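Student: I'd like to go over a predicted model; first the sequence, then the structure.
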Amino acid sequence: MANKQFNTECVVEREIDRWNRLWQQFGENIFYKPNIKVTDEIINLFGGKVAGKKILEVGAGSGSDCITLAKSGGECFALDFSKEALRVCQQLAKKENVEVKGIIADCRQIPIRDDFFDLVFSVGLVEHFKDPIPVLKEQLRVLKKGRFLIVDVPQKYNLYTIVKHLKIRHDSHPFGWETEYALADLKKIAGLLKVKPIRFYGRGSAFLGRLPNVFDFWWRKVFAKIEESKLAPFICLNIGAFYQK
């Protein structure tokens with residue numbers, strides 16, 4: 001048991017070091033770039049009124065999504081185990097003239113009392129855990145009953161999945177090990193967590209910004225319609241789930 005705990009701690013330390021180095025690099029040219037689809041979905045969830053809502057982003061990184069929600073009046077908290085990520089988050093929050101409370105912690109042990117938040121969400125976090133259930137149960141612990149959990153992860157069925165796994169195999173993927181999810185997987189998670197699935201969405205395309213200008217302009221217009229369609233959770237780069245506790 002002691003060896004297992006030691007190995008786990010070593011893995012965590014390596015990951016913290018990896019992300020600190022990455023955020024040191026990102027921090028040199030960081031800019032405010034929220035995931036608009038995600039923040040729009042959250043604002044719509046509350047009928048356009050997030051003012052006064054206690055919101056936690058887990059694995060917040062630059063905190064751009066938190067900052068966007070803070071601009072709309074949310075009381076926002078950004079949790080990350082990388083001190084460099086939170087340093088960047090605070091710089092951006094100051095630049096955007098909003099307050100976001102930073103929490104340096106392991107997402108498996110959130111230092112907040114039970115039933116505190118109106119919304120807990122993560123973007124690009126859960127896929128880094130081989131067993132996501134303990135991570136999500138901890139997020140549910142700090143969530144008020146009847147309130148909402150959002151999980152945004154890579155969507156399984158797209159070309160990026162193949163490219164990503166080739167990079168992981170050759171140890172050249174900068175973000176370390178990760179997996180991906182299909183709609184069926186997120187529905188299964190709802191059953192395991194005993195939460196109510198509210199809705200699912202898809203967002204993003206691996207081709208945006210990578211095509212010649214004339215084609216990119218056309219593809220953005222087409223893809224905006226795809227993101228709002230029932231096809232989105234099956235073909236987009238990312239997939240998101242809304243759960244109610």
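Tutor: Perfect, thanks for sending it.

Student: CA only for contacts and neighbour counts going forward, please
Tutor: OK.

Student: just for this protein, where's the confidence low?
Tutor: For the chain, applying pLDDT under 70 flags the ranges 1-12, 26-28, 206-216, 218-219.

Student: longest strand in it, please.
Tutor: strand 143-154 (DSSP state E).

Student: centre of the chain to that one, how far?
Tutor: Computed by C-alpha atoms, centre = their mean, to the nearest Å, the chain-centroid distance of strand 143-154 equals 11 Å.

Student: okay, buried residues for the helix or strand following it please.
Tutor: Using DSSP states H and E, the helix or strand that follows strand 143-154 in sequence is helix 159-169. Along helix 159-169, these residues count as buried under the neighbour rule (16 or more other C-alpha atoms under 10 Å): 160-161, 164-165, 168.

Student: can you list contacts of helix 159-169?
Tutor: With contacts defined as C-alpha atoms under 8 Å, 6 or more residues apart in numbering, helix 159-169 is touched by 173, 176-177, 180, 206, 237.

Student: residues in contact with residue 23?
Tutor: Contact partners of residue 23, counting by C-alpha under 8 Å, 6+ apart, are 84-85, 88.

Student: beta partners of the spatially most central residue of the chain?
Tutor: In the chain, the centroid-proximal residue (C-alpha atoms, centre = their mean) is residue 123; its distance is 0.8 Å. Beta-bridge pairing of residue 123 under DSSP bridges involves residue 152.

Student: surely it touches residue 203?
Tutor: No - here residue 123 lies out of contact with residue 203, judged by C-alpha atoms under 8 Å, at a distance of 11.6 Å.

Student: intersection of neighbour lists for those two?
Tutor: Contact with both residue 123 and residue 203 is made by no residue, according to C-alpha under 8 Å, 6+ apart.

Student: among the contacts of residue 23, which one has the most neighbours?
Tutor: residue 85 (28 neighbours; other C-alpha atoms under 10 Å).

Student: that residue should be in a helix, yeah?
Tutor: Yes - counting by DSSP: H, G, I helix; E, B strand; the rest coil, one finds residue 85 located in a helix.

Student: this structure: strands as residue ranges?
Tutor: 54-58, 75-80, 100-104, 117-123, 143-154, 196-203, 238-244.
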